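Novice: Have a look at this prediction, sequence included:
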Amino acid sequence: MLNISRQRVNVPAIENEVNSLDTLYSPRTARIVSRWILGVLAALAIILFLPWQQNINGKGYVTALTPEDRPQNLQNAVAGQIRKWHVREGDFVKKGDTVLTISEIKDDYFDPQILVRTQEQIQAKEDAINAYDAKIKATDNQISALRQGLQFSLEKARNKLIQARLKVRSDSADLIAVNRNFEITQERLSRGETMYKDGTISLVDLESRRLKSQEEQAKVISQSQKLSISRNELINARIELSSVEAEYQKDIAKGFSDRSSALSSLADGESELSKLRNKYENIRIRRDQYAVVAPQDGYIVKTLKAGLGETIKEGESVATLQPDKPELAVELYVKAMDLSLITNGRHVRLEFDGWPALQFSGWPGTSVGTFGGAVAIIDRVSSKNGEYRLLIKPDHKGNENDIWPEQLRIGSGVNGFVMLKDVPIWWEVWRQLNGFPPDYLEGILPSEEGKGTK
């Protein structure tokens, strides 16, 4: 008390009357509280320097690592009408088991004997092709025979032409000889007439010489006619030689025309035969498509068509098949800001829906109920939500607790943490307050996996 007033105050009496004074702490209690506060602050200061493993958080779901292990829709290859279901939802089917049988709805394939009739058409077309081929061979033989006949006829006509030329020469020589004899007889007749006038020879000799002259003149006329006939025969031989070649060429040209027609018919026949064979194979394969079979072992998850008699289009999904024993993986989606920090092989901690877990993302060693994984694939493009997809494969590294549960089903939800570097807690708090991504300032943070500073 300051003792300003001369009047004294009875303090003990006042303390007994005022109850609120009892609530005041004594100096000893204040010291205890201050020590607790200092201890808590010291503990917080120490905690700030504890190691913290940075991580990137993402959400996703369980899937299969390879496309062939993921759920697939069974589709029918041809349009048809549902005739019978051979399975129920949840049934296990093996590869090749029939799931659904359909019946034909196109009138082009209603005939039950369509394969037999198509085969008959193929056989008839093959017979026609064989006939065309035989005709081509016969035409080739005919053309070869005509060419040989042409050669023989040409040789014959040439020989006849040579004979006609020789005969013309022979007749020409005979005509010259006959003319010479005629000239001689004319000279003798002229001398005989002179001698007869002189009385040297008789009239009988003169008449004899006149007769001889007339005979030689007749021979000249006859030989001239023979020469004319020989020359006409030579002309005919030349004409015959030309006509023989023209006639044979006409027959050979006709043979080539028939051969070309047969070749054209053969080509058309082979084209139609190919179309018929294609049609036959299409019908045969189409009939094999009336049964929708399982492409691999798995479970029928859901049927997408119901009832009997329902018409389905070609390529329409009829059921969903989940392959048996898929190689499980996790599709994890992360923000684009964190994508550059993730590399293949990065360790990931996973928390599956339905499995109780106590997760401390920065202290994975203290987490309970989480499972190990490793980054297998990083997508090159973003998804519709702007995030990037990671495929995480199992990675237990000999730790049995990290082995993924056998009860996992594709589509289950997952929380994942891609583990990065070890940093002090104060750094992580400062980074979170400033909104920086992990490893934002290179060269300041400790090295990866706590191997020292850079």
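Specialist: All right, it came through fine. Numbering: from 1, shown residues only.
Novice: Now do the contacts for residue 46.
Specialist: With contacts defined as Cβ atoms under 8 Å, 6 or more residues apart in numbering, residue 46 has no neighbours. C-beta coordinates here come from the backbone N, C-alpha and C atoms, glycine included.
Novice: Let me know the distance separating it from residue 426.
Specialist: 11 Å (Cβ to Cβ, to the nearest Å).
Novice: next one: residue 219
Specialist: 154 Å.
Novice: who's more crowded, those two?
Specialist: residue 219 (18 against 14; other Cβ atoms under 10 Å).
Novice: and the more buried one, how far is that from residue 177?
Specialist: 9 Å.
Novice: so where's the chain uncertain?
Specialist: Counting by pLDDT under 70, the ranges of the chain that qualify are 1-30, 47, 49-54, 357-369, 398, 421-425, 427-454.
Novice: Which residue ranges make up the domains of it?
Specialist: Domains of the chain are assigned by automatic domain parsing as 11-68+326-450, 71-104+290-323, 114-288.
Novice: At which residues are the helices of the protein located?
Specialist: Counting by DSSP state H, the chain has these helices, from start to end: 11-17, 27-48, 114-198, 203-288, 336-339, 425-434.
Novice: quick one: which of the ones you listed is nearest residue 57?
Specialist: Distance to residue 57, taken as Cβ to Cβ, is lowest for helix 336-339 among the helices of the chain, at 8.8 Å.
Novice: Can you point out the buried residues in that closest one?
Specialist: 338-339 (16 or more other Cβ atoms under 10 Å).
Novice: Alpha carbons of that helix, as PDB, please.
Specialist: Extracted C-alpha coordinates of helix 336-339, given in PDB (Å, rounded to 0.1, in the frame of the first residue of the first chain):
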ATOM      1  CA  ALA A 336      -0.200 -30.400 -62.900                       C
ATOM      2  CA  MET A 337       1.900 -28.300 -60.500                       C
ATOM      3  CA  ASP A 338       3.300 -31.400 -58.900                       C
ATOM      4  CA  LEU A 339       3.700 -33.500 -62.000                       C
END
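Novice: Tell me which residues touch the spatially closest residue to residue 165 that is not a sequence neighbour, please.
Specialist: Spatial nearest neighbour of residue 165, excluding adjacent residues (Cβ to Cβ, 6 or more residues apart in numbering): residue 234 at 5.8 Å. Counting by Cβ under 8 Å, 6+ apart, residue 234 makes contact with 161, 164-165, 167-168.
Novice: for residue 352, same thing?
Specialist: Going by Cβ under 8 Å, 6+ apart, the list of residues near residue 352 reads 62, 371, 404-405, 408, 412-414.
Novice: Okay, it and residue 412: tell me how far apart.
Specialist: 6 Å.
Novice: next one: residue 349
Specialist: Distance of residue 349 to residue 412, given as Cβ to Cβ: 16 Å.
Novice: next one: residue 335
Specialist: 22 Å.
Novice: re earlier: identify the contacts common to residue 352 and residue 412.
Specialist: Common neighbours of residue 352 and residue 412 (Cβ under 8 Å, 6+ apart) are residue 62.
Novice: sorry, back to before: residue 349 and residue 412 - which one has more neighbours?
Specialist: Using other Cβ under 10 Å as the criterion, residue 349 and residue 412 rank with residue 349 on top: 22 against 18.
Novice: center of this structure, which residue is that?
Specialist: Nearest to the geometric centre of the chain sits residue 77, at 18.0 Å (Cα atoms, centre = their mean).
Novice: That residue - nearest residue in space that isn't next to it in sequence?
Specialist: Nearest to residue 77 is residue 289, by Cβ to Cβ, 6+ apart, at 4.2 Å.
Novice: Isn't the one you found up against residue 75?
Specialist: No. Between residue 289 and residue 75 there is no contact under Cβ atoms under 8 Å: 10.6 Å.
Novice: How far off centre is stretch 289-303?
Specialist: 25 Å (Cα atoms, centre = their mean, to the nearest Å).
Novice: Buried residues, it. List them.
Specialist: Quick answer for stretch 289-303 (16+ other Cβ under 10 Å): 290-294, 298-300, 303.
Novice: And it, end to end?
Specialist: 19 Å (Cα to Cα, to the nearest Å).
Novice: Next, the contact list for the nearest residue to residue 318 once chain neighbours are set aside, please.
Specialist: Excluding the flanking residues, the one nearest residue 318 by Cβ to Cβ, 6+ apart is residue 305, at 4.9 Å. Taking Cβ under 8 Å, 6+ apart, we find residue 305 in contact with 82, 100, 312, 316, 318-319.
Novice: If any of the residues you listed are buried, give me the ChimeraX selection for them.
Specialist: Applying 16+ other Cβ under 10 Å to those, the buried members can be selected in ChimeraX as follows:
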select :82,100,312,318,319
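Novice: possible to save the contacts of residue 305 as TSV with distance to residue 201?
Specialist: Formatted as TSV, these follow (distance: Cβ to Cβ, whole Å):
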residue	distance to residue 201
82	139
100	138
312	136
316	136
318	139
319	142
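Novice: how many neighbours does the nearest residue to residue 343 once chain neighbours are set aside have?
Specialist: Excluding the flanking residues, the one nearest residue 343 by Cβ to Cβ, 6+ apart is residue 375, at 7.0 Å. By other Cβ under 10 Å, the residues close to residue 375 number 20.
Novice: Correct me if wrong: residue 375 contacts residue 345.
Specialist: Yes. With contact defined as Cβ under 8 Å, residue 375 reaches residue 345; the gap is 6.2 Å.
Novice: still on that earlier bit, okay, among the buried residues of stretch 289-303, which ones form the most distant pair?
Specialist: By the measure Cβ to Cβ, 290 and 299 form the most distant pair in those, at 23.7 Å.
Novice: Parallel or antiparallel, list what pairs with the longest strand belonging to the chain.
Specialist: Determined from DSSP state E, the single longest strand within the chain is strand 51-64. Using DSSP bridges, strand 51-64 pairs in its sheet with strand 328-334 (antiparallel), strand 413-424 (antiparallel).
Novice: Export the helices of the chain to CSV and append columns for distance to residue 389.
Specialist: Output for the helices of the chain, formatted as CSV (distance: least, Cβ to Cβ, whole Å):
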stretch, distance to residue 389
helix 11-17, 74
helix 27-48, 35
helix 114-198, 49
helix 203-288, 38
helix 336-339, 10
helix 425-434, 25
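Novice: nearest to residue 394, of the ones you listed?
Specialist: Nearest of those (Cβ to Cβ): helix 336-339, 22.3 Å.
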